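Participant: Sequence and predicted structure, then a few things I'm wondering about:
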Amino acid sequence: MSKKNVAVVMGGYSDEYVVSLKSGQLIYDSLDRNIYNVYKVVILKNEWYFLNESDKKYSINRGDFSVTLDNNETLKFDVCFNIIHGTPGENGILQAYWDAIGQKYTGCDFYQSALTFNKKDTLAVLSKYGIPSAKSVYLRKGEEINVDEIVENLGLPVFVKPNQSGSSLGISKVKEKSELIAATEIAFKEDDEILIESFLDGMEVSVGVIDYKGETIVLGITEIVPQNEFFDYEAKYEGASEEITPARIDDETRLRVEEISKRAYNSLGMSGFSRSEYILMNGIPYMLEMNTNPGFSPASILPQQAKIYGISITDLCGNEVEKALAKNLK
């Protein structure tokens with residue numbers, strides 16, 4: 001049996017590409033070389049390229065995602081392992097393109113990516129399945145902002161955040177009415193749509209859910225103890241938070257979090273890695289957002305959870321590739 005060609009596709013167009021390169025490196029290092037030929041592909045705003053073992057760049061032919069090598073040989077990939085954080089790999093753009101050219105890839109389809117990248121729409125869909133979230137107000141750039149009405153409706157403090165998920169840039173916690181407008185301006189720098197959410201006073205947990213060997217499993221529930229005011233970009237990527245796996249919660253709460261996390265994953269028709277953030281208040285998990293390409297560097301939450309669950313990174317990544325190979329092309 002000839003080995004399958006797997007491209008680990010990393011990078012992206014947002015500031016998070018740096019994190020994606022680390023995630024991609026771990027997957028590249030972890031895939032079993034006895035079964036796969038593994039290649040590195042980097043997708044940045046200004047260039048898409050394959051990087052060979054001596055770090056030489058070859059540009060990607062966007063007509064069929066192939067590479068023309070030095071000897072005019074064409075390199076095609078059986079599977080693309082998508083580990084791009086943010087656009088275009090986490091919001092459906094790349095998946096739709098791959099569908100259009102008939103390229104198999106790991107993770108969820110373009111619709112699930114596009115939906116989960118939009119916090120408001122994700123929470124709206126999931127509320128139909130009985131999954132609670134904070135009370136919120138949604139604003140588009142240029143709309144009039146009635147501060148009094150918002151505060152009356154949501155109370156204080158509130159969180160102001162860009163609607164497009166991705167990194168935690170542009171998020172503010174607002175404690176005073178007078179700070180609200182400035183916070184919306186910061187969020188609007190990141191996105192044309194923003195969410196203002198009521199403050200949920202509770203424990204933040206990050207829940208890894210995957211479909212593994214035909215079953216939806218919760219890899220782990222990690223408690224986030226921020227040293228900063230909340231789990232912001234610095235806390236997420238520069239280690240300014242303590243992460244405790246498994247979270248310090250009783251069994252009843254744990255089972256509730258597991259049930260809701262699986263329900264959210266299955267209700268959306270998800271596939272592949274996912275990490276959802278919840279706030280536990282009075283034992284009830286309120287969903288904040290779902291990430292379909294969570295960080296996967298050695299320090300990231302999902303690989304840590306897999307380790308505790310007892311699934312090796314090699315098996316975790318191999319399972320993704322095998323599912324993608326088995327997918328019927330649309």
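Facilitator: Happy to help now that I have it.

Participant: So which residues of the stretch 1-150 of the chain form helices?
Facilitator: Counting by DSSP state H, counting those that start in this stretch, one finds helices in the stretch 1-150 of the chain at the ranges 17-30, 93-101, 110-116, 119-127, 147-154.

Participant: Show me how far the helix ranked longest in the chain is from its chain's centre.
Facilitator: Across the chain, the helix with the greatest residue count (assigned by DSSP state H) is helix 251-267. Its chain's average C-alpha position is 18 Å from that of helix 251-267, according to C-alpha atoms, centre = their mean, to the nearest Å.

Participant: rewinding a little: any chance of CSV for the helices of the stretch 1-150 of the chain, columns mean neighbour count?
Facilitator: (Each C-beta comes from the backbone N, C-alpha and C, glycine too.) Below are the helices of the stretch 1-150 of the chain laid out as CSV (neighbours: other C-beta atoms under 10 Å):
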stretch, mean neighbour count
helix 17-30, 20
helix 93-101, 17
helix 110-116, 21
helix 119-127, 18
helix 147-154, 14
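
Participant: Tell me where the model's unsure across the stretch 151-300 of the chain.
Facilitator: Low-confidence segments of the stretch 151-300 of the chain, defined by pLDDT under 70: 166-168, 228-240.

Participant: show me where it has strands.
Facilitator: Assigned by DSSP state E, counting those that start in this stretch, the strands in the stretch 151-300 of the chain fall at 158-162, 172-174, 193-198, 203-212, 215-226, 241-244, 274-281, 284-291.

Participant: of all these, which lies closest to Ile186?
Facilitator: strand 172-174 (5.7 Å; C-beta to C-beta).

Participant: how close does Leu69 get to Ala7?
Facilitator: Using C-beta to C-beta, to the nearest Å, Leu69 is found at 14 Å from Ala7.

Participant: Neighbour count for those two, which is higher?
Facilitator: Each of Leu69 and Ala7 has its neighbours counted (other C-beta atoms under 10 Å); Ala7 has more, 25 against 13.

Participant: need the contact list for that one.
Facilitator: Residues near Ala7 by C-beta atoms under 8 Å, 6 or more residues apart in numbering: 39-41, 50, 65, 77, 79-81.

Participant: switch the cut-off to 10 Å
Facilitator: 28, 37-41, 50, 60, 65, 67, 75-82, 103, 105 (C-beta atoms under 10 Å, 6 or more residues apart in numbering).

Participant: ok, back up a step: which neighbours do Leu69 and Ala7 share?
Facilitator: Both Leu69 and Ala7 are in contact with 50, 75, where contact means C-beta under 10 Å, 6+ apart.

Participant: mind listing what Trp98 touches?
Facilitator: 9, 65, 80, 82, 89, 104-105, 109-110, 329-330.

Participant: so how many other residues sit close to the spatially closest residue to Lys40 that is not a sequence neighbour?
Facilitator: Excluding its sequence neighbours, the residue lying closest to Lys40 (C-beta to C-beta, 6 or more residues apart in numbering) is Leu51, at 4.4 Å. By other C-beta under 10 Å, the residues close to Leu51 number 15.

Participant: Please look at Leu51 and Leu44 and confirm they touch.
Facilitator: No: under the criterion of C-beta atoms under 10 Å, Leu51 is not in contact with Leu44, lying 11.6 Å apart.

Participant: Could you name every residue contacting both of these two?
Facilitator: Met10.

Participant: so Lys173 sits right up against Pro157, yeah?
Facilitator: Yes: judged on C-beta under 10 Å, Lys173 makes contact with Pro157 at a distance of 5.6 Å.

Participant: before we move on, back to that, which one among the contacts of Trp98 sits at the bottom for pLDDT?
Facilitator: Minimum pLDDT for those is recorded at Lys330 (57).

Participant: Look up how far Val38 lies from the residue located most distally from the centre of the chain.
Facilitator: Relative to the centre of the chain, the most outlying C-alpha is that of Asn71, 38.0 Å out, by C-alpha atoms, centre = their mean. Distance of Asn71 to Val38, given as C-beta to C-beta: 20 Å.
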